[in-house]
Each structure stands twice: as C-alpha cells, then as structure tokens.
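Undergrad: only geometry, no sequence info:
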C-alpha cells in the first residue's frame, strides 16, 4: 500500500447524497480477479451512456476534473455493498482522498486498506469545500494527514479527526496483516483458552 | 458487580484477543464465509506472501453471486467467461487452502447467508464475517456478524482475526404485534424508512420487542439482513428457544455434552437490565403497514396505500437525490403506489429466499395465474430450500401459476449472473437494494415482501396484499 502524507490536488464536487457502491463501480466490473484496472469504469453508469460515450455533464468528464485526486461528496458516501472494488476503482482513477459529512462503515474501512484517506467534516466545512471545488482546476485543495488539516484554495484550514492507528498505518503504508501476525502468540493463547471454554466452536 | 452489558458488549468482550492503548482491538473471528466475488484477490495476496489460511476448518466457501440459476447451468457455456473464471478461482482456492466448500454441483450450494445457518455453521454468540455486506443476516442467531472488504478477508484468512474498534450500541424495539399481511420485510424496511440509510452508521443494532420475538428464525434473518441498509455495522437479536430449536440437529451444530455446554452459554446472551444504548428507535408493531420502496435508496419507503412523494417534501441534499430518483424510476409525484405497473417479479435473495418466504408467496399464488406478459421467477436461497419447496408442493404452485422455478443463487438481486433487468423494465423484488442499475442498467426496482411480490405478479401492478386476504 502507498503511503499517504500530504496531497495537493484538484477536488471534484459530487454533492449528491447517498452515493452508493453500485454507483461507484457497477456489478458487471466485479468479475475481476485483479485489484487494478477499474479506474476506467469508476462511476461507469453516470459517466458513460449506453453506447460507452462520455456523458459531458458528469463531473469527472469535465476538463477541469478529469484528473481530480480528491472528491468532495454528499452525505453517506459509499453506502451499500462491501465491495473493495469501490476504493480500488477510485485509486486506479487517481483519487486518494474523499471528503464528506459521513461515510458508510465498510467503505470507510476499505479506503484505509488502500492508501485512500476518507475525511469526515461538519456540514458547514463540506459545503465550503464543495463551493471551493466548484471553482475548477485552479482551486487546489491541500490535505495534510500528519497535521490532520484540509486547506481550501483560499487558505482556509479545517481540522479533521482520524483514528490514531489508521493514521499511523496510512502515514507509513503499513500492511496490517504483518502487524497482526506479530501478535500470533496472543492469538494462539486465545484459541487454546476458548478450546476449553467454548469447545463447540 | 460489573456494569450491565448489551448482548453486543458480551459477544465483543468474549472475542477480544488483545487491546491496544488507543482502544483498537484484535478481535477473534469464529466463522469466515467466503464467496467468489470478493475473495480471489485475498487468496492471491496469501499466495504472494507465502501465507496459509490459519483456520481452514472455520472457513466456509460457496459460489453464489455469478452462478446461473437456470436448470442447464452444469453446462459451462451458461456463464460468461469472466464469471466462470471467478467461480473456478474459488474452486481452486477452496481446494488448495483446504477450506469447507460447497461447489455449484453440491445440493447444499446456495447463497452464502442461507447456507451458513442451514448447515449449522452459524451459532449464537459467534463472530461471523464475510466479504459481503449482508452478513448481518447471521445476527438473527445472536451472533455478531458483519461484512468486510477484500483486504479484511485476506486478514481473516491469514490471522483468523480483525483489527477493530468497538461500535456504539443502538436499540431498535418493535413493540406489540404485527397486523395481518405485515411481515419481517415490512419491519426492516420501515425501520430504514424511519432512521434513513445513514441512521445506523457506527452502530450495532439490537432488534428487540414483542414483534421481533414473535418472528420465526427466517423472519429474524430477514430483519437483520437489511441492518446494513440502515448503515449499521451489524444487527442482532438475542437468542431464545426458537433459535435453539432451529440450530439443534444441524450438521455443524454441537451435539451431546458440547450442546449442553453451548446452550448454557447461549442462555447468557441477552442485554442486561439497565445496559446503555447510544441510540434508541421504537416503532409500534401495530403501526407498520405493508410497504414498498418508490425510489433508489432503501430509505425511500412508504406504506402501499401512499402516493409517490415530491422533491419538495424533502430538505437539503435529499431534494436533488429525490428528483434524480423520480427521473430514474419514471414516476410522477402524487401517483398512487398501487397504480405503478410491474413487468417483472423476483422472489429470492439472502433477504427473502428461505422456505418461509416461498410459502408466503405460494399461499398468494395457489390456484391462480400471473398476469399475461409478466416475467416472474422464484430463486430459492439454497439447493436444500429448493428441495424442501418441491417436497411441500410449493414448486408446483409456482410452475402452475406461470413463474419460473430456478436453481439457487443470488440471481437478480444484483444481476451478476444472466438474470437481469433491461433498461426501463420495472421489477417488484424481494431483495434488499433498489440502487440505480442494481438489477441491470436502467432497471427499476421496488422492494417489498414475498407475499406482496406474489400479489404484484397476479395483478400486474403494486398491490396491497390486504386486499387479497
């Protein structure tokens, strides 16, 4: 997993609420056994018409946002299924950060496993950043994970909360399976204790 | 004297392997269910790192999302190449890593969330995970069950644990009894209608109250199944005599002295008097009507007697979302829900593909014919549900009424197999999501109970089941 430290980039405004994982990556693209290559189908049914032509109005098809690295989104982004294909598609497209008032739990967790930073901010801050994002390619938003701040193009900084362990893993690009395997002895101990206490499991 | 605990607190505490200073826990996982769509990259990760599956005996694999449900599915040509590759990858991974496995050819194959309980893999007090958001289904047994992403699937395969922080406790109480024609599906949709799809974010829901206690295990699974649609990490129901009776004698349920020991433990799994809930929602069972969804979010729920709402009835970001939904669904504000014409009926899924659901649909369809031109299919949740439905004569009722009687799988719930809607086609579905494109690009989904789906198949439009009783 790539580290996430700081990011300055174009932010695309997606004010729609409840953007679900079926919108982010429709099911026909889940039939892959790889993690890569999904970026071209990110938001597929919003982005392309039935014939595969780009829908001009869709934000990521507009010249200013074709290389957006940040999304500023409506409430409850990523609701729906557990498909990690959603963050894989975002990452493959080049998005490393999503900002919203709220995220669905599973999607939120999945982002951290893939070097993407989901940022939760109060509605007022998200609205202000949404307005900033609407300014187009010259309005670049800066995210600093160490300092836990998002700074709009006019220099207004917003602080955000992030779990300390998740932050540590993201800052250092850590593989958490490796970290857990360091605790293999604890797992062994737990298993032998439960084999006595709950032998039916 | 320890502080009073919720059932979630109790199960959580019994599975903590290790706690870090910041409260992050290593949580032990008792059962890991695996299907073909969200697991190939996880097994590949294990291979690349030279890791094994830590507890193959606690891991259960079954293909369900891609598999065709037509009778000729043994013929490989019924699957697209990419679907076939995914199913074959699961087959190879299950055999290479030695996990429990129900291949497509096995009569016990079916939707992972139906197979788990049916085979007795799911037991009260367990932690159960799967790379699938509808894992919450297993909460009906008083298990802590939730969906995970593929990275976490790999983490569980390698370590049999997850790194987690505890969620908050939320209580959803349904008081009193349901009225005739109202089902578990109406409860779970009505709760989402009341809380919204983000209402449960960050919480584990305990469903309780008389109406929940009065539900069968099948009904309880339907309720918990859609906890995720309300945003909750998991939903669960304290086990009781109905739970124990359902579990007893299942192939992987404990027997003899182990059964007695398990039962003694399971009987401690209830929320203590005075335990703290961070959020409480109460609905009166008598107030719940048969409901349908009109929009493209599961929170877009109304009693069948209602009319299509207008964007102006909403505030904030929902105004734009509702306008978009109405455009997508081809509906006009003020239109009566019972005037909405239906082209297709889908009865099945991990929400409503169990025997009781098929009985409810068959009771409505018995001796009748579906509307001319209606496409309707019944997809049992597992091969064993299918066999039982045939034995009880339900299959014949469906066939006589003009419905297609299929083999087990996820089917048109998410349309990864050939069962899909065409653009503009409108479907009454017993499944769990009405998202744009969910059942096929441009397809329009109305979620409802099996009895209501059967009623729509007969009349050709959304129908109040109470008018047929």
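TA: Now that the structure is in, tell me what you want to look at. Since the model is a prediction, treat every value here as computed from it, not as a measurement.

Undergrad: Now the longest strand seen in chain A: buried residues?
TA: Within chain A, and with DSSP state E defining each element, the longest strand by residue count is strand A:6-14. For strand A:6-14, a neighbour-count test (16 or more other CB atoms under 10 Å in any protein chain shown) marks A:7, A:9, A:10, A:11, A:12, A:13, A:14 as buried. For glycine as for every other residue, the C-beta is placed from the backbone atoms N, C-alpha and C.

Undergrad: Kindly present the residues you listed as a markdown table, with separate columns for pLDDT.
TA: Formatted as a markdown table, these follow (pLDDT from 0 to 100):
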| residue | pLDDT |
| --- | --- |
| A:7 | 98 |
| A:9 | 97 |
| A:10 | 98 |
| A:11 | 98 |
| A:12 | 98 |
| A:13 | 98 |
| A:14 | 98 |
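
Undergrad: of those residues, list those near chain B.
TA: When CB under 8 Å from any CB of the partner chain is applied, no member of the buried residues of strand A:6-14 is adjacent to chain B.

Undergrad: Residue A:103: which of those residues is nearest?
TA: When the buried residues of strand A:6-14 are compared for distance to residue A:103, the smallest value, 13.2 Å, is given by residue A:14; criterion: CB to CB.

Undergrad: what bridges to that closest one?
TA: Taking DSSP bridges as the rule, residue A:14 bridges to residue A:73.

Undergrad: Do I have it right that it meets residue A:75?
TA: No - under the contact definition of CB atoms under 8 Å, residue A:14 does not touch residue A:75, with a separation of 11.3 Å.

Undergrad: Close to chain A: what parts of the stretch 1-150 of chain B are there?
TA: In this structure, the stretch 1-150 of chain B approaches chain A at residues B:17-18, B:20, B:22, B:24, B:26, B:28, B:30, B:37-38, B:40-41, B:44-45, B:49, B:51, B:54, B:58, B:65-66, B:80, B:82-83, B:85-86, B:89, B:123, B:125-126, B:131-133, B:135, B:146-150, judged by CB under 8 Å from any CB.

Undergrad: Could I have the buried ones of those residues as PyMOL selection syntax?
TA: Only the buried members of those end up in this PyMOL selection, burial being decided by 16+ other CB under 10 Å:
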select buried, chain B and resi 17+18+24+26+28+30+37+38+40+41+44+45+51+54+58+65+66+80+82+83+85+86+89+123+125+126+131+132+133+135+146+147+148+149+150
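
Undergrad: Name the nearest residue to residue B:371, sequence neighbours excluded.
TA: Leaving aside its chain neighbours, residue B:371 sits nearest to residue B:460 (3.7 Å; criterion: CB to CB, 6 or more residues apart in numbering or on different chains).

Undergrad: which residues touch that neighbour?
TA: Listed by CB atoms under 8 Å, 6 or more residues apart in numbering or on different chains, the contact partners of residue B:460 are B:341, B:342, B:371, B:373, B:374.

Undergrad: mind checking the backbone torsions on it?
TA: For residue B:460, the backbone dihedrals are phi 90, psi 0 (criterion: degrees, to the nearest 10).

Undergrad: Where is the longest helix in the chain?
TA: No chain was given, so I picked chain A. If you go by DSSP state H, chain A has its longest helix at helix A:184-197.

Undergrad: Actually, chain B is the one I wanted.
TA: For chain B, the helix with the greatest residue count under DSSP H is helix B:81-97.

Undergrad: after that helix, next one along is what?
TA: Under the assignment DSSP states H and E, the closest C-terminal helix or strand after helix B:81-97 is strand B:100-101.

Undergrad: is it true that residue B:420 touches residue B:439?
TA: Yes - taking CB under 8 Å as the definition, residue B:420 is a contact partner of residue B:439 at 6.5 Å.

Undergrad: Pull up the overlap in contacts between those two.
TA: With CB under 8 Å, 6+ apart as the test, residue B:420 and residue B:439 both reach residue B:412.

Undergrad: and stretch B:394-406, how far from the chain's centre?
TA: 23 Å (CA atoms, centre = their mean, to the nearest Å).

Undergrad: Any buried residues in that stretch, and which?
TA: Of all the residues in stretch B:394-406, those buried under the rule 16+ other CB under 10 Å are B:394, B:395, B:397, B:398, B:401, B:402, B:403, B:405, B:406.

Undergrad: again with stretch A:110-128
TA: For stretch A:110-128, the buried set under the neighbour-count rule, 16+ other CB under 10 Å, comprises A:110-121, A:125-126, A:128.

Undergrad: does it come close to chain B?
TA: Yes - counting by CB under 8 Å from any CB, chain B is contacted by stretch A:110-128 at A:110, A:113, A:114.

Undergrad: Now tell me what touches the longest helix of chain A from outside.
TA: The contact list for helix A:184-197 (CB under 8 Å, 6+ apart) reads A:180, A:201, B:17, B:18, B:26, B:28, B:54, B:159, B:160, B:161.

Undergrad: so is residue B:273 in a helix, a strand, or just coil?
TA: coil (DSSP: H, G, I helix; E, B strand; the rest coil).

Undergrad: Could you find the closest non-adjacent residue to it?
TA: Residue nearest to residue B:273 in three dimensions, not counting chain neighbours: residue B:4, with 6.2 Å by CB to CB, 6+ apart.

Undergrad: show me what contacts the one you found?
TA: Residue B:4 makes contact with B:271, B:272, B:273, B:274, B:275, B:276, according to CB under 8 Å, 6+ apart.

Undergrad: buried subset of the residues you listed?
TA: With neighbours counted using 16+ other CB under 10 Å, the contacts of residue B:4 contain these buried positions: B:271, B:275.

Undergrad: and the two most separated of the contacts of residue B:4?
TA: Using CB to CB for every pair in the contacts of residue B:4, the one that comes out farthest apart is B:273 and B:276, at 11.6 Å.

Undergrad: how many neighbours does residue A:46 have?
TA: Per other CB atoms under 10 Å in any protein chain shown, the neighbour tally for residue A:46 reads 20.

Undergrad: how about the strands in chain A?
TA: A:6-14, A:70-73, A:97-100, A:117-120, A:140-144, A:149-151, A:157-159.

Undergrad: residues making contact with the second one?
TA: Spelled out, that is strand A:70-73. Strand A:70-73 is touched from outside by A:7, A:9-16, A:19, A:77, A:90, A:95-100, A:126, A:129-130, A:132-133, A:141, A:143, with contacts defined as CB under 8 Å, 6+ apart.
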